[in-house]
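**Q** have a look at this prediction, sequence included:
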Amino acid sequence: TKLILLDSLLQEINLHKMGTTSDTAVLTRKLAAVDYNPTRYVAEISQRCVGGEEILAQRKMIQSLSDDTSNLLKQNVYQNYTQFIETAKEISHLENDMYRLSSMITEQRKFLTGLLETSILGDTVPLTHTLEQEDPQPEEPEPKASNRQEDGRRLLLDLMEKVEGGRDVIDIPNRFLLYDGDLIEMDTNDHSALHRVHIYLTNDSIIIATWLREKRGPVRFKLSSQYPLTSFAMVNVRDLAGVSNAWKLLVTPEPRLFQCKDAADKKEWLSAYEDAKEWQKSGGIAPKPKLKPVKKEPKVPSNPFSETESEGDPVKEEEEEELPEWLQELPDTLDVHIAQREFEAAMEIIKEAETDMESRDDTQTVRELKEANQTRKDTLIQVLRSELKLTPDKSLQGGPRTARRAVFLLSGLGRQSEAKDLFLSHRTALLRHNVRSCRAEGNTSQYVHRIGNTFFQQIAETSREFDKCFPGELTTSSSLLMWVEEEVEWFAEIVDKQIFSTHAPLPSIADCINRLRGQAKKLLSLGLDVVFLLDNRLQAGIERIVCEARDKAVEAVKLRWGEETWLPHNPGSRSGLEKCLSDLNQAGIASAQTFVNDEGVLDLTTNSVSFGLSYLTLTDQLLLLFTPGTRHLVNESLVSVLHAQLRHLDQAVRSEKVEGASKNFIMKNSAFLLDTILTLVEHKYQTKTGSDCPKLSKLHTNYSWLKEGKGPVTKYQDNNYV
């Protein structure tokens, strides 16, 4: 039994050694296994190894295996390096063969195309006797669009074989070539030559390719940049010192300058660009070529041997007048000025050209220049329109000079009416944007003051700018007044919603209206009476508020008389008395101290004191709302409230419901209402309106018997009679 146990123990030790991967071959197989997991392998090693020595041994073995693998990899790289070089050479040779094969296929295609287009019968030659006929000379046949497109497409396919990266250019099936050539790109600042380029102008784009230093087969150029036709402009550049036969490509972010080999090549480039724009405008339909004027030649005699009878009187051909250089380059010059936003210079050149061409004969060249000048003029007008039209992506924070410049230019181009409308539309958008930008912070009065200040400042600025843009134009002043009326109507709607639709109290509404009228009066110095427009628009809301305030005041009078005790007003303490006297003084009653008796109380009822304070406050608020349109309603409200108080006093005296109050006490209260309150109200009314209120004076006359202690007079029940 002991021997068996010993044998099994030795087997376990051997298995344990195998589990720790003492054999390098076993370790290599484990690490190279498909399902090898580093985390799991480390966990197994940690469990099976006893002590740190075995783990270090495993680490040394793995490190040794890593070094051996790295050395083998380096040896394989060194051994295969020669093969890599030979393979690269073979690939280069194969690429050259492919280019040659492509060139052969292209030549074969050209040859086959030429065979298909060759006519079997050939072209017919016109007979000589047809020259003797006096038929008008036939016009040059127009080139067919299909032939031009096919030839341009075929030529573009051939040329793109020489451009590296040109495969993407020919992917668009309807793209064809209009013109190409070698040019020199120059620096726009110092006009120094940068490098040679080859440019291809197609019907929808311009393609710029640079020369390759190392030629690879038929490839000679490398694609550098490509611009769609709608994103650039090709303009002429005048011959200056260091620059000749050049044209500029206006693209973003910076323009580029190219020099042609001669003036004829430059003319061909500019003509091809005009053709490309015509193709773009016509949507792919071939533009009609411009017919050159045909000069009439003298009739050829039928007999070549007969003597000419007109040798002594030769036929003089009419020669067109030679135009100055600046007029010949008019379209290109205007394109440059418009593209560089030099609108003033463009306008001056347009006017000068119109004046100059009006004095010249109506020849074909002059007609073409007039048409080109009108086209550039329409383009300039459209650009100026866009300067004044506001779009969501355009900032509204531009100053008044931005609009003033465009207005001046449009007026100079004969579009004064349109400039006026665009200017006022621009100011409308700016005004409403600024008003809406005011934050609704604070109470209603503060917010209305802010938006009113912003609104009337914009109105004043618009009026000043209008006078600057259209000085001395009386016919356009009516449009400004109509614009002001529309804007006041829009602003009054905002004020109406903010004040009258929120159930604001009467003091707040009166303060808002007073501030707005004060701000509007500042525009009188500019000749704008906006106060009348504002009052007229807000009159309905003001009348409603005044009626509500009047009805509430009359109802309060009724409630106070229902609680009347005919006792002197006792504030309760010395401080209370001082506060009551201070309130009366602030309301405008300077003689309030005379109503205090020896006992430290007022010889007035609580009803009289409360009514006096509330009625004076109501008077101040109603006078803030006083306008020519609300004059009748304000007068009627002031009379109605005071008459309600006096009528209740009259009824109490007549019915002897004074509950033991002395006659002297009743006379003091009556005198307080008639001599103090009513007199103060009449003074405030006179100061505010500059006139008297007859109905208030009648109240003073009709109720004077109350303060005099006399018997009652005729009883007045009807307010209208009073």
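**A** Received it, and whenever you're ready, just let me know what you need.
**Q** for Ala346, which non-adjacent residue is closest in space?
**A** His337 (4.0 Å; Cβ to Cβ, 6 or more residues apart in numbering). (Glycine included, C-beta is placed from N, CA and C.)
**Q** surely the one you found meets Ile349?
**A** Yes - the pair His337 / Ile349 is scored as a contact, 7.0 Å apart, by Cβ atoms under 8 Å.
**Q** in contact with the residue nearest to Ala346, which residues?
**A** Residues counted as contacts of His337 (Cβ atoms under 8 Å, 6 or more residues apart in numbering) are 343, 345-346, 349.
**Q** measure stretch 160-168 end to end?
**A** 9 Å (Cα to Cα, to the nearest Å).
**Q** which residues sit against that stretch?
**A** 102-103, 106, 159, 169-170, 207, 209, 212, 216, 218-223.
**Q** so what does Cys438 have for phi and psi?
**A** Backbone torsions of Cys438, given as degrees, to the nearest 10, read phi -70, psi 130.
**Q** I figured it hits His449, correct?
**A** No - using Cβ under 8 Å, Cys438 is not in contact with His449, being 9.9 Å away.
**Q** neighbour-wise, which of the two wins?
**A** His449 (19 against 16; other Cβ atoms under 10 Å).
**Q** before we move on, the earlier item: and the least confident of the contacts of stretch 160-168?
**A** Lowest pLDDT among the contacts of stretch 160-168: Arg216, with 65.
**Q** ranges for the strands of the stretch 151-300 of the chain?
**A** Shown for the stretch 151-300 of the chain, the strands assigned by DSSP state E, counting those that start in this stretch span residues 163-164, 177-186, 193-202, 205-216, 219-228, 233-237, 246-250, 256-259.
**Q** export the ones you listed to a markdown table and append columns for mean neighbour count and distance to His683.
**A** A markdown table is the format used below for these (neighbours: other Cβ atoms under 10 Å; distance: least, Cβ to Cβ, whole Å):
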| stretch | mean neighbour count | distance to His683 |
| --- | --- | --- |
| strand 163-164 | 19 | 97 |
| strand 177-186 | 19 | 87 |
| strand 193-202 | 17 | 89 |
| strand 205-216 | 16 | 85 |
| strand 219-228 | 16 | 80 |
| strand 233-237 | 20 | 76 |
| strand 246-250 | 19 | 76 |
| strand 256-259 | 20 | 82 |
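**Q** reformat those strands as TSV; add distance to Leu706.
**A** Listed next are those as TSV, based on distance: least, Cβ to Cβ, whole Å:
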stretch	distance to Leu706
strand 163-164	112
strand 177-186	105
strand 193-202	104
strand 205-216	100
strand 219-228	95
strand 233-237	93
strand 246-250	93
strand 256-259	99
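**Q** of all those, which one is nearest Arg148?
**A** Closest approach to Arg148 among the strands of the stretch 151-300 of the chain (Cβ to Cβ): strand 177-186, 8.8 Å.
**Q** any idea of the mean pLDDT for that closest one?
**A** 89.
**Q** give me the sheet partners of that strand and which way each runs.
**A** According to DSSP bridges, strand 177-186 forms sheet pairs with strand 193-202 (antiparallel), strand 256-259 (antiparallel).
**Q** so, low pLDDT: which residues of the stretch 51-200 of the chain?
**A** For the stretch 51-200 of the chain, the stretches with pLDDT under 70 are 117-146.
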